[in-house]
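Chemist: Below is the sequence, then the predicted model.
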Amino acid sequence: MSEKLVVLVNGEAMFEYDRSVSLPEHQRQYLDKMDQQMDSGILLGNEKIENPDQQQRAQFVAFTLLKAIEADDEASIAAMNAYLATRMPDLKQVKADIDQVSKKVMFDLIFDQEHKNQVKVSFNA
């Protein structure tokens, strides 16, 4: 299990979730309630999934997370990060690209590569 889950949007690390910090009971209950709600089905793209598996749930939650980031909804961002980090212990990164013009969202769930801190270097011509 990776200690950190990092959410990157357009190449920039936006959020980092530390799995070594325990969730309070009320937050664990909230995540359980999310699972119960998803038990009745989810919508992935245009497809209704009646009995989503854990991977489909993770995709649904990651998409919801990206919409929360776009809306600057801190409570939802925290909940979606916590869900992904606790339900998918091997998930290391959510890498997303959001087209600023069309608002089209594409993302990958990365299980095999830790995020390395990177330094942005600008060159002036």
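Modeler: Okay, I see it. Numbers count the residues shown, from 1 in each chain.
Chemist: Not counting its neighbours along the chain, what's nearest the residue nearest in space to the middle of the chain?
Modeler: Centroid check for the chain by C-alpha atoms, centre = their mean gives Ala62 as the closest residue, at 3.8 Å. Leaving aside its sequence neighbours, Ala62 sits nearest to Val94 (C-beta to C-beta, 6 or more residues apart in numbering; 5.2 Å). Glycine gets a C-beta too; all of them are placed from N, C-alpha and C.
Chemist: And for Gln59?
Modeler: Leu44 (6.1 Å).
Chemist: right, and the one you found touches Val61 too?
Modeler: No: here Leu44 lies out of contact with Val61, judged by C-beta atoms under 8 Å, at a distance of 10.9 Å.
Chemist: quick one: which of those two has more around it?
Modeler: The neighbour count for Leu44 versus Val61, taken as other C-beta atoms under 10 Å, is higher for Val61 (24 against 13).
Chemist: isn't that one right up against Leu84?
Modeler: Yes: counting by C-beta under 8 Å, Leu84 is a contact partner of Val61 at 5.7 Å.
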